[in-house]
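Visitor: just to be clear, the model below is a prediction. Sequence and coordinates:
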Amino acid sequence: MRMINILKSVAVLFLLIGISSCDKNNDLVLFGIQNDIELGAQVDAQIESDTSFTILSRTAYPEAYAYLEDMKESILNSGEVSYKDEFAWELHIIHDDVLNAFATPGGYIYIYTGLIKYLENADDLAGVLGHEIAHSDQRHSSKQLQRQYGIQLLLNIALGKDASQLAQVAGQIAGQGALLKFGRDAETEADEFSVRYLAKTDYACNGAASFFQKLEEQGQGSDGPAFLSTHPPSDTRVEEINAKADELGCSTTAVSESGFTYEDFKNSLP
């Protein structure tokens, strides 16, 4: 009996090793890429069906979504997004007068109209969008889920033993109105990757810095938008974003827009 138990333990160990994966930054993540995709899709479906979220439709606001899509494509085509071809990279605008944005595993990005109208120019939004793309692309969400829910629950989900557990996790995430609260390291990394992404676009690569600078000037650096509640202080983030831009030697000149501008984008929203 003892030998059988030992063999079972060894089998479980090899099973864990087999289904665990290193992301492209060599961090160990229990979830595989397909699990990210499936979880993100479930969260998206949950949010779509939740009447507490007013998601603007693409047919009613085609110009607004086209503007966002162009910005997203510029970032994805930077050559710096690891899972560009694997993840959905689907954008949603939520009509709510709050300063918020969040991302799920698998590349679903949600941006609130309150945040869009608070930002002053396209570079600001590109900086925030790059930050949220980084959360998905660097798999911060999956790593946080692994810490929050534990290996056993995620193992069951990864093995497909109980689909309701995946739905439950997705429902809890969607019900919070924001995915997960990340620690300082994840937020700092997302800021850095935002600079890396934008460095290969026409947007100012330190676009996120001006956003945090505005928060600081208005006294919202530590008690501002919900999605900043566990982030590093705004003044520190401004310094670190600008330092990264200096390190990369990328352009911090504001993007030159013609035709449908950021102001037009904001005015097109309810």
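Guide: It's in. Residues are numbered from 1 along each chain as shown.
Visitor: from here on, contacts and neighbour counts on C-alpha atoms
Guide: Noted.
Visitor: what sits against the residue lying closest to residue 99 once chain neighbours are set aside?
Guide: Spatial nearest neighbour of residue 99, chain neighbours left out: residue 115 (4.2 Å); criterion: CA to CA, 6 or more residues apart in numbering. By CA atoms under 8 Å, 6 or more residues apart in numbering, the contact set of residue 115 is 97, 98, 99, 100, 101.
Visitor: which of these are buried?
Guide: Buried members of these, counted by 16 or more other CA atoms under 10 Å: 98, 99, 100, 101.
Visitor: of all those, which two lie farthest apart?
Guide: For these, the farthest-apart pair by CA to CA is 98 and 101; their separation is 9.2 Å.
Visitor: what about this protein, any weak spots by pLDDT?
Guide: 1-30, 154-155, 158-160, 162, 172-181, 219-232 (pLDDT under 70).
Visitor: now the helices for it?
Guide: Along the chain, counting by DSSP state H, helices occupy 2-19, 33-49, 62-76, 113-118, 122-137, 140-149, 151-158, 163-175, 184-199, 207-217, 234-248, 262-267.
Visitor: residues near residue 209, how many?
Guide: By other CA atoms under 10 Å, the residues close to residue 209 number 26.
Visitor: reformat the contacts of residue 115 as a markdown table; add distance to residue 126.
Guide: Output for the contacts of residue 115, formatted as a markdown table (distance: CA to CA, whole Å):
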| residue | distance to residue 126 |
| --- | --- |
| 97 | 19 |
| 98 | 18 |
| 99 | 15 |
| 100 | 14 |
| 101 | 12 |
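Visitor: in strands, which of these fall?
Guide: residue 101 (DSSP state E).
Visitor: so what's the residue nearest to residue 81 when sequence neighbours are not counted up against?
Guide: Leaving aside its sequence neighbours, residue 81 sits nearest to residue 137 (CA to CA, 6+ apart; 6.6 Å). Residue 137 is in contact with 81, 82, 83, 106, 107, counting by CA under 8 Å, 6+ apart.
Visitor: touching, the fourth one and residue 32? I think so.
Guide: By that I understand residue 106. No. Counting by CA atoms under 8 Å, residue 106 does not reach residue 32; the two are 10.6 Å apart.
Visitor: centre of the chain to stretch 146-155, how far?
Guide: Distance of stretch 146-155 from its chain centroid, counting by CA atoms, centre = their mean, to the nearest Å, is 20 Å.
Visitor: mind starting the numbering at 7 from now?
Guide: All set: I'll call the first residue 7, so the last point we hit is now stretch 152-161.
Visitor: list the contacts for the closest residue to residue 114 other than its chain neighbours?
Guide: Of all residues not flanking residue 114 in the chain, residue 96 sits nearest, at 4.8 Å (CA to CA, 6+ apart). By CA under 8 Å, 6+ apart, residue 96 lies in contact with 113, 114, 115.
Visitor: which residues does residue 256 contact?
Guide: 205, 211.
Visitor: what of the one 4 residues further on?
Guide: Residues near residue 260 by CA under 8 Å, 6+ apart: 129, 209, 210.
Visitor: what number of residues lie near the residue nearest to the second one when sequence neighbours are not counted?
Guide: Sequence neighbours aside, residue 261 is the residue nearest to residue 209 in space, at 4.9 Å (criterion: CA to CA, 6+ apart). Here the count is done by other CA under 10 Å, and residue 261 has 16 residues near it.
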